[in-house]
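Asker: Sequence and predicted model, in that order:
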Amino acid sequence: MKSTIKKFYSDLQFPGQYLPQTMRFYQDHGVHNRYLQEIDKLIEPGITVLDVGCGTGMLSNLFATRYPDVEFTALDFSDSIDYGHR
């Protein structure tokens, strides 16, 4: 069962693949997704953020580009986490 779930998320690569241009877009234009806006309100300089179940790491990388003084750690059990290291 565990391997079936891992394969599902590895194949899905949630929340999706992204390019450096994607991060720059959010840096320039801000976050317009309501869910992400709520997270954005909670991030303050000097805190540490743990993103468990990060998928490809897109959201952690997004916020890391917006907040360079915040330490982000992203973990996922699926192979899609490998995408975040490219």
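Answerer: Done, it's in.
Asker: what helix or strand does the most centrally placed residue in the chain sit in?
Answerer: Geometric centre of the chain, nearest residue: L59, 2.3 Å, by C-alpha atoms, centre = their mean. Assigned by DSSP states H and E, L59 belongs to helix 58-66.
Asker: on contacts alone, who are the packing partners of that helix?
Answerer: helix 20-29, helix 34-42, strand 48-52, strand 71-75 (3 or more C-beta pairs under 8 Å, 6 or more residues apart in numbering; DSSP states H and E). (Each C-beta comes from the backbone N, C-alpha and C, glycine too.)
Asker: Measure how the helix or strand of the chain with the lowest mean pLDDT sits relative to helix 58-66, angle-wise.
Answerer: Across the helices and strands of the chain, mean pLDDT, DSSP states H and E gives its lowest value to helix 20-29, namely a mean of 76. In terms of direction (axes from the mean of the first three to the mean of the last three C-alpha atoms, to 10 degrees), helix 20-29 departs from helix 58-66 by 50 degrees.
Asker: Quick check: buried residues in helix 20-29?
Answerer: Across helix 20-29, burial judged by 16 or more other C-beta atoms under 10 Å covers M23, Y26.
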